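Colleague: Output the structure for:
(chains A and B)
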Amino acid sequence: MLENISATRMEQLQLRRRVELASRGHKLLSQKRDEISRQLVKIAGELKPLRQQVEKELLETTRRFMMARATMEPEDMAAAIDMPTKQFALTIQFASIMSVKVPDLTKDISGEIMCYGFSTTSGELDVALRALERAFDSLIELAEKEKQAMLLATELQSTRRRVNVLEHVVIPDIQETIKYITDKMSEAERDNTSRLMKIADIIRG
Amino acid sequence: MATVQQAVIDFHRYPPIGTDDWRYGFATGKIRCLETTMLSRATLLDLANAESFSAAMDLLSSTEYSAGGAVESFAQIEELLLQRRHELRTLFIALMQDPELVELLRARHDFANMRLAIRRVVTDRPIGLDYSDFGSVPAEEFEEAFEQENYSRFPMYLQEAIEEAVLAYYENKDIRSVDYAIDRCEAKYRIRTSEELGSVFLLSFYRVRIDLTNIRTLLRLKAAERDERDLFLPGGFVEIERLVHGLDLGYEGLAPLFFATPYYEVVEGGVAYFTTEQSFLRLERLCEEYLFGFLRTTRSITAGPQPIIAYLLLKENEIRMVRMLLSAKNNGMDAKLILDRLGE
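Modeller: Residues are numbered from 1 along each chain as shown, chains lettered A, B, ... in the order given. Alright, predicted model coming up:
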């Protein structure tokens, strides 16, 4: 029950308005929670195969790169990748899912990933770099989805906490206080009635 | 620079390697002894099939690649291998009697340094000091020469390479043009100098190398779906027209294209593996096997520079193989992949 409450009709009316508002908020937040959960389940469903794909692609890239690196002279490898010609820019825009701002990544890639000649480099380096180039798309999609999932999960946690507070603390407290005020006012009313009846008896007597 | 003439393929398996030179009697004897300490094929296969990195290191414990204790990081192995390579190159310089041959073989480091320096200069990046020490031009001279734009201290072949590379870059502002131009200059220089020195062995060796590089370039261009036809190096045994024609053919047409050349098996095996695995591992292995097969024909030379040069190149390859195997074991790579590169 709320503390420092004066049991007056005005307070009761205010509390009734508050409980009505809290109930409406509870309903809206419950709907938000359900929608975020739905979106989160959807993203989580896409995340697992995407992560597996990215891990597989990156493993393949690393394996090939390692093979190329091991079979080339260290100086040749350093010279080959010393000056990359591939330009990579990432634009971040924000989309809104249930008022949660989630990132929307757009890549802008230009230039050739193979930035070296053929005579001192291994063909496996070409394969590794092309595999890395292909992995970029999935990698960016994974980063976007994982960030979305993380933000939605944080929002879901706080929304669920708000819903629970409203459902189990705020609304019951206000309702209990309203009941208390109602009881208090009824008691005062009965007290007043009995006092008037007593005065009437004294006057008649 | 004079245009290099294409040679006619007048040999069956490997080109000629020249004759004996008795000034190299002691040096060849020493190399024959050192050859017995090289890792055998069986040892390399054992390394490839070793259970773990530590098991692989145990296998190397009685060789010159022993780390002499616990290996804390792979950088320690890298350092050890660089040290072995340094010792090998120092030994090579000490054993060679002809400074012209040494200069020709050291020129690859000059060209590699030049490639790096020009790429940095044209992209306005610091020239730096991280150059190979084994070239004829000291590494520290690069920074000063490029800052002052005074290239007269470089040998003529490097001055020509600088001019061609810078021109090639400014034609289309493509950093790869620097590499292509230097690769071409390097190939021309090697062939021209080998001819001038009258070294049959080096001439054959460089022509075979050019052919193998061109074959790899052909397949790499096809894999990257690029249609540049001027990237093949001049001076090999295989005509450039044949290689350019290969760009218009499908993968299945490549092996028949090389049927009349000694590289048929290299192309056939390499292309078959590439089409199934999308990897150049077997092509690179077959190219190496062909090249080292050629180098091993120097066993028929009793005394001469050929066995010493062959030892240098075979030993450098051994160091690369050890690096590859240990790196693969350290990173837990599949033995099948290692064997694909190493050969069964």
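
Colleague: next SSE after the longest helix along chain A?
Modeller: In chain A, with assignment by DSSP state H, the single longest helix is helix A:9-71. Downstream of helix A:9-71, the first helix or strand assigned by DSSP states H and E is helix A:74-80.

Colleague: ok, residues contacting that next one?
Modeller: Surrounding helix A:74-80, the residues in contact under the criterion Cβ atoms under 8 Å, 6 or more residues apart in numbering or on different chains are A:68-69, A:72, A:115-116, A:120-121, A:125, B:78, B:82, B:109, B:112, B:115-116, B:119, B:130, B:132. Bear in mind the C-beta positions are built from the backbone N, C-alpha and C, glycine included.

Colleague: who does the longest helix of chain A touch, helix- and strand-wise?
Modeller: helix A:123-165, helix A:171-204, helix B:305-330, helix B:335-342 (3 or more Cβ pairs under 8 Å, 6 or more residues apart in numbering or on different chains; DSSP states H and E).

Colleague: residues of the shortest one that come out buried?
Modeller: The one in question is helix B:335-342. B:337-338, B:340-342 (16 or more other Cβ atoms under 10 Å in any protein chain shown).

Colleague: what's the answer for the second one, then?
Modeller: Buried residues in helix A:171-204, defined by neighbour count with 16+ other Cβ under 10 Å: A:171, A:173-175, A:177-178, A:180-181.

Colleague: Could I get the average pLDDT for that helix?
Modeller: Averaging pLDDT along helix A:171-204 gives 93.

Colleague: Which among the helices and strands packed on helix A:9-71 is found nearest to residue B:152?
Modeller: With Cβ to Cβ as the measure, helix B:305-330 is the member of the helices and strands packed on helix A:9-71 nearest residue B:152 (30.4 Å).

Colleague: Spatially central, which residue of chain A would that be?
Modeller: Chain A has residue A:152 as the residue nearest its centroid, 2.0 Å off, counting by Cα atoms, centre = their mean.

Colleague: could you list every residue that touches the closest residue to that one other than its chain neighbours?
Modeller: Leaving aside its sequence neighbours, residue A:152 sits nearest to residue A:40 (Cβ to Cβ, 6 or more residues apart in numbering or on different chains; 4.8 Å). Applying Cβ under 8 Å, 6+ apart to residue A:40 gives the contacts A:149, A:152-153, A:156.

Colleague: CA atoms of stretch B:250-258 as PDB?
Modeller: Output of stretch B:250-258 as PDB, limited to C-alpha atoms (Å, rounded to 0.1, in the frame of the first residue of the first chain):
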ATOM      1  CA  GLY B 250      37.400 -23.600 -71.000                       C
ATOM      2  CA  TYR B 251      39.200 -25.400 -68.200                       C
ATOM      3  CA  GLU B 252      38.800 -28.700 -70.100                       C
ATOM      4  CA  GLY B 253      40.700 -27.300 -73.100                       C
ATOM      5  CA  LEU B 254      43.700 -26.200 -71.100                       C
ATOM      6  CA  ALA B 255      45.500 -29.600 -70.700                       C
ATOM      7  CA  PRO B 256      45.300 -30.400 -74.500                       C
ATOM      8  CA  LEU B 257      46.700 -26.900 -75.200                       C
ATOM      9  CA  PHE B 258      49.900 -27.900 -73.400                       C
END
